[in-house]
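Colleague: no sequence for this one, just the structure:
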């Protein structure tokens, strides 16, 4: 089944917003900054989210890892995309 083009656009926009330096991957610092822009988030929450999203354990969230998370959490990504 083909993906909804709006879902793809939302996912790309959210990823680019998180990837502040544009290197194609999101560091813990970038994730924390993006989440803090959405509201109050603790360092522990950032660490926990990073661990969940960084499935290969390299310390960064790749676009592929983000896509896996976004596909499983489409509603959340849609909500975040409205804010970004």
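Modeller: Sure, I can see it. These numbers were taken from a predicted model, which means no experiment stands behind them. Numbers count the residues shown, from 1 in each chain.

Colleague: tell me which other helices or strands the longest helix seen in the chain touches.
Modeller: Across the chain, the longest stretch assigned as helix under DSSP state H is helix 5-18. Where contact means 3 or more CB pairs under 8 Å, 6 or more residues apart in numbering; DSSP states H and E, helix 5-18 is packed against helix 28-38, helix 63-72, helix 74-83. For glycine as for every other residue, the C-beta is placed from the backbone atoms N, C-alpha and C.

Colleague: out of the ones you listed, which is closest to residue 4?
Modeller: Using CB to CB as the criterion, the shortest distance between residue 4 and those is 8.6 Å, found for helix 74-83.

Colleague: and the closest one, how far from the chain's centre?
Modeller: In terms of CA atoms, centre = their mean, to the nearest Å, the centre of helix 74-83 is found 10 Å from the chain centre.

Colleague: let me see the mean pLDDT of it.
Modeller: Computed over helix 74-83, the mean pLDDT rounds to 85.

Colleague: how about it: buried residues?
Modeller: Along helix 74-83, these residues count as buried under the neighbour rule (16 or more other CB atoms under 10 Å): 77, 80-81.
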